[in-house]
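Student: Quick one, structure for this:
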Amino acid sequence: MEYEVGQIVKLKKKHPCGSQEWEILRVGADFRLKCMGCGHQIMIARKLVEKNTKGVREKNESIKTH
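Tutor: The predicted structure is shown next:
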């Protein structure tokens with residue numbers, strides 16, 4: 001799956017704030033993601049993102065599952 005900056009990914013586990021959606025801020029060996037619920041930013045390995053992704057969408061679209 002191709003990931004691009006600006007896309008929204010829906011992950012399997014919820015963030016403690018309750019949101020499952022994260023905006024991609026940086027793509028590479030590691031991703032920088034921003035929680036769409038509370039704005040918290042994390043760095044996470046590409047492998048973990050690929051394994052835990054339930055769906056991907058552009059910022060202004062509905063979720064597309066893969």
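
Student: Please count neighbours and contacts with C-alpha atoms only from this point.
Tutor: Noted.

Student: K54: which element?
Tutor: Here K54, judged by DSSP states H and E, is contained in strand 53-57.

Student: For this structure, just list every one of the strands.
Tutor: With strands called from DSSP state E, the chain shows them at 8-11, 21-26, 30-35, 41-45, 53-57, 64-65.

Student: Which residues does the fourth one contact?
Tutor: Contacting residues not belonging to strand 41-45 are listed as A29, D30, F31, R32, L33, K34, C35 [CA atoms under 8 Å, 6 or more residues apart in numbering].

Student: The same query, at a cut-off of 6 Å, please.
Tutor: D30, F31, R32, L33, K34 (CA atoms under 6 Å, 6 or more residues apart in numbering).

Student: Narrow those to those that are buried.
Tutor: Among the contacts of strand 41-45, those scoring as buried are F31, R32, L33, K34 (criterion: 16 or more other CA atoms under 10 Å).

Student: re earlier: and the contacts of strand 41-45, which is closest to K12?
Tutor: K12 has its nearest neighbour among the contacts of strand 41-45 in L33, at 14.4 Å by CA to CA.
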